[in-house]
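Engineer: Build me a model:
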Amino acid sequence: MTARKTKKVDLFTDGACSGNPGPGGWGALLRYGAYEKELGGGEENTTNNRMEMMAVIEGLTALSSECHVTLHTDSKYVMDGVTKYMTNWKRNGWRTADKKEVKNRDLWERIDALLQTHDVRWVWVKGHAGHVENERVDAIARAHVPRKAGTDCDPEATADS
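Structural biologist: Predicted coordinates for the structure are as follows:
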């Protein structure tokens, strides 16, 4: 981070999956002062952990300049991966302490690259516990889980489908 004035941004993230693996979605909320931006997306065949990671990636990618980011997540997987394990994984060629390939390496590498641009402070929040922004990004993530037409999960489906 450079010495110039850097914006302070809050980023709230969450992922969701219908089945694990299965169709999944991610949601992010960026807040800079009174300005807010919601982001969401989904994939047909994924895991909950990958969707949690995508929410972080897409939230950080949406920032147009380097920022001080307070990143709020209910994912211990992502937070601990970055704050406790990533340094050693990188040192060991993206291998765990027991010499196995790190799962989701492609996304960990993307997060690592984004962390070179932004100063991120990680905050864990308990999921599904009434935290307003966490509930909001959970709803965004669930809304982006791909639905198959003609199923009871598809709000567009009708009895004639």
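Engineer: Tell me where this protein has strands.
Structural biologist: Assigned by DSSP state E, the strands in the chain fall at 7-17, 22-32, 35-46, 67-73, 119-124.
Engineer: which of those strands sits most buried?
Structural biologist: Looking across those with neighbours counted as mean count of other Cβ atoms under 10 Å, the highest average goes to strand 7-17: a mean of 24. Yep, even glycine has a C-beta here, placed from its N, CA and C like the rest.
Engineer: quick one: average confidence on that one?
Structural biologist: Throughout strand 7-17, pLDDT has a mean value of 97.
Engineer: Offset the numbering so it begins at 31, please.
Structural biologist: Okay, residue one is now 31; in that scheme the one you just asked about reads as strand 37-47.
Engineer: Identify the residue nearest the geometric centre of this structure.
Structural biologist: residue 85 (2.4 Å; Cα atoms, centre = their mean).
Engineer: Surely that one and residue 46 touch.
Structural biologist: No. With contacts counted by Cβ atoms under 8 Å, residue 85 stays clear of residue 46, the gap being 9.5 Å.
Engineer: just to revisit the earlier point, among the strands of the chain, which comes closest to residue 177?
Structural biologist: In terms of Cβ to Cβ, the element of those nearest to residue 177 is strand 52-62, at 7.4 Å.
Engineer: what angle separates that closest one from strand 37-47?
Structural biologist: With axes from the mean of the first three to the mean of the last three Cα atoms, to 10 degrees applied, the angle from strand 52-62 to strand 37-47 works out at 160 degrees.
Engineer: Now do strand 52-62: distance to the chain's middle.
Structural biologist: In terms of Cα atoms, centre = their mean, to the nearest Å, the gap separating the centre of strand 52-62 from the centre of its chain is 6 Å.
Engineer: averaged over its residues, what pLDDT does that strand have?
Structural biologist: The average pLDDT for strand 52-62 rounds to 98.
Engineer: Does anything pack onto it? Which helices or strands?
Structural biologist: With contacts taken as 3 or more Cβ pairs under 8 Å, 6 or more residues apart in numbering; DSSP states H and E, strand 52-62 sits against strand 37-47, strand 65-76, helix 78-91, helix 162-173.
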